[in-house]
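Asker: Need the 3D shape of this:
(one chain, ligands or ions: 2)
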Amino acid sequence: MKKIAILGSTGSIGTQTLEVARENGDIEIVGLAAGSNIRLLEEQIREFHPRLAAVWSKEKAKELGERIADTDIRVAAGMDGLLEVSTLADVEILVTAVVGMIGIRPTIEAICAGKDIALANKETLVTAGHIIMPLAKEKQVSILPVDSEHSAIFQSLQGNESRAVHKILLTASGGPFRGKKEEDLLDIRVEDALKHPNWSMGQKITIDSSTMVNKGLEVIEAKWLFGVDVDRVQVVVQPQSIIHSMVEYVDGAVMAQLGTPDMKLPIQYALYYPKRRDLPGERVDFWSLGKLDFEKPDMDTFYGLKLAYEAGRAGGSLPTVFNAANERAVRLFLDRQIKYLEIVEIIEDCMQAHQNIENPTLRQILDTEAATYDRINSRR
Ligand code: NDP
Ligand code: MG
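Answerer: Ligands and ions are numbered 1, 2, ... in the order given. Prediction:
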């Protein structure tokens, strides 16, 4: 039995990870953590019998404790709860599927405790990659990508020398507003932005995909995972989401991973790496597909992607500002407090106002996050 714990078990990636565990039958779930959805967490607890469950909300944690009083499963709360789940004895792999940079401390603690990380939580790597990657090397733990593009890159790197990589071709669907110009985006409603053409995902990443900020975060995520400058990561729009990303080598060979859009493939690949397991589901049918399209991304309209390159190039605390401003702005948009185009305007404003800190410590990253939130609040 492979022993794993999941942060964010009630979300899109979390529930699909549990599906993979259910379908394979040889994964033991030792710990689960969620934000506040204790109804679903209780179902998961009763099915998978973890040793420990954590809930961010202290109130909900108490309520869950009462609801599962008939079991011997312990409930923990808040950041302490997340850290406990991340460092549980015997866990081999921690699946980080929380959304946002709340994942930084649990990820660092898990690495220190020697756990391999199946990483979905890209915001953590974007803001703290300079701490996490060297730490993982020092502790000899693997960071296994779950994000579909990075899994595709990881798969395309197998059997090749990483120093022979010329560049990374990061594919993007282009989201629901591909081909639109700024004037078409003035009155976008939350409902419109939540309609992704190819993937069904959590709300925050779905909005990020529509602004292409998600692709920007992924450019920086690729920089850390694969040790390349952001200028060697080229975004290619591939509207059918069949090619999940590619690697171009120095001899001009391009290796890619293709498949129907299904997050269970990258999740399962990360959990069983380097082995491949059966995975039922739709297959690519090239006869009916007929063709694949490619486009250059429109970085003038979707300039959040351009800002991500700037942040990734500068490094330091600027990617934290990019990410934190986006996290807060997306929240405000989902709460219908700001207009769609203000999301990226807010990111740009916060980045312009920031004094970059080189090689920030964890404390400085968290302070930068707080200062970014303060700036956004004070302007409202
Ligand atoms: P969801 O919003 O669907 O799920 C987020 C999960 O995190 C939920 O279980 C939520 O709990 C939990 N959570 C949120 N805040 C806290 C907290 N403070 N403490 C503990 N748990 C918390 O997100 P996704 O699954 O879509 O995304 C998760 C991560 O994976 C993101 O970083 C995203 O960018 C990345 N990713 C997602 C993909 C996808 O297909 N969904 C693809 C590639 C990457 P609750 O339900 O109780 O609120
Ligand atoms: Mg992705």
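
Asker: so what's the backbone phi/psi at the nearest residue to Glu327 once chain neighbours are set aside?
Answerer: Once flanking residues are discounted, Glu327 sits nearest to Gly100: 5.3 Å by CB to CB, 6 or more residues apart in numbering. Heads up, the C-betas are built off the backbone N, CA and C, glycines and all. Phi and psi for Gly100, reported as degrees, to the nearest 10, are phi 100, psi 170.

Asker: now swap in Ile27 and tell me
Answerer: Backbone torsions of Ile27, given as degrees, to the nearest 10, read phi -120, psi 130.

Asker: Find the nearest non-adjacent residue to Arg232, please.
Answerer: Lys167 (4.6 Å).

Asker: Ok, His49 next?
Answerer: If the residues on either side of it in the chain are set aside, His49 comes closest to Ile73, at 7.0 Å by CB to CB, 6+ apart.

Asker: I'd like to know how many residues surround that neighbour.
Answerer: 20 (other CB atoms under 10 Å).

Asker: Let me know whether it touches Pro50 as I believe.
Answerer: Yes - with contact defined as CB atoms under 8 Å, Ile73 reaches Pro50; the gap is 6.4 Å.

Asker: Mind pulling the model confidence for Ile347?
Answerer: Note for Ile347: predicted pLDDT of 98.

Asker: Tell me who's in contact with the residue lying closest to it once chain neighbours are set aside.
Answerer: Spatially, and ignoring its direct neighbours in sequence, Ile347 is nearest to Ala325 (4.4 Å; CB to CB, 6+ apart). Contact partners of Ala325, counting by CB atoms under 8 Å, 6 or more residues apart in numbering, are Ile346, Ile347, Asp349, Cys350, Met351, Thr372, Ile376.

Asker: Go again with 10 Å.
Answerer: If you count contacts by CB atoms under 10 Å, 6 or more residues apart in numbering, Ala325 has them with 213, 307, 343-351, 353-354, 369, 372-373, 375-376.

Asker: Next step: these restricted to helices.
Answerer: Among the contacts of Ala325, the members found in helices (DSSP state H) are 213, 307, 343-351, 353, 369, 372-373, 375-376.

Asker: Whichever of the residues you listed end up buried, select them in ChimeraX.
Answerer: The ChimeraX selection below is limited to those of the ones in helices among the contacts of Ala325 classed as buried (16 or more other CB atoms under 10 Å):
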select :213,307,343,344,346,347,348,349,350,351,369,372,373,375,376
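
Asker: Run a quick neighbour tally on Pro280.
Answerer: Neighbour tally, Pro280, other CB under 10 Å: 7.

Asker: so it makes contact with Gln268?
Answerer: No - using CB atoms under 10 Å as the test, Pro280 is too far from Gln268 to be in contact (11.0 Å).

Asker: show me where the stretch 201-350 of the chain has helices.
Answerer: Under the criterion DSSP state H, counting those that start in this stretch, helices of the stretch 201-350 of the chain are mapped to 203-211, 213-226, 264-272, 286-289, 304-314, 318-334, 342-353.

Asker: Tell me the buried residues in the fifth one?
Answerer: When you say that, I think you mean helix 304-314. Buried residues in helix 304-314, counted by 16+ other CB under 10 Å: Gly304, Leu305, Lys306, Leu307, Ala308, Tyr309, Glu310, Ala311, Gly312, Ala314.

Asker: Tell me how far Val284 lies from Ile188.
Answerer: 31 Å (CB to CB, to the nearest Å).

Asker: got it, and Cys112?
Answerer: For Cys112, the distance to Ile188 - CB to CB - is 42 Å.
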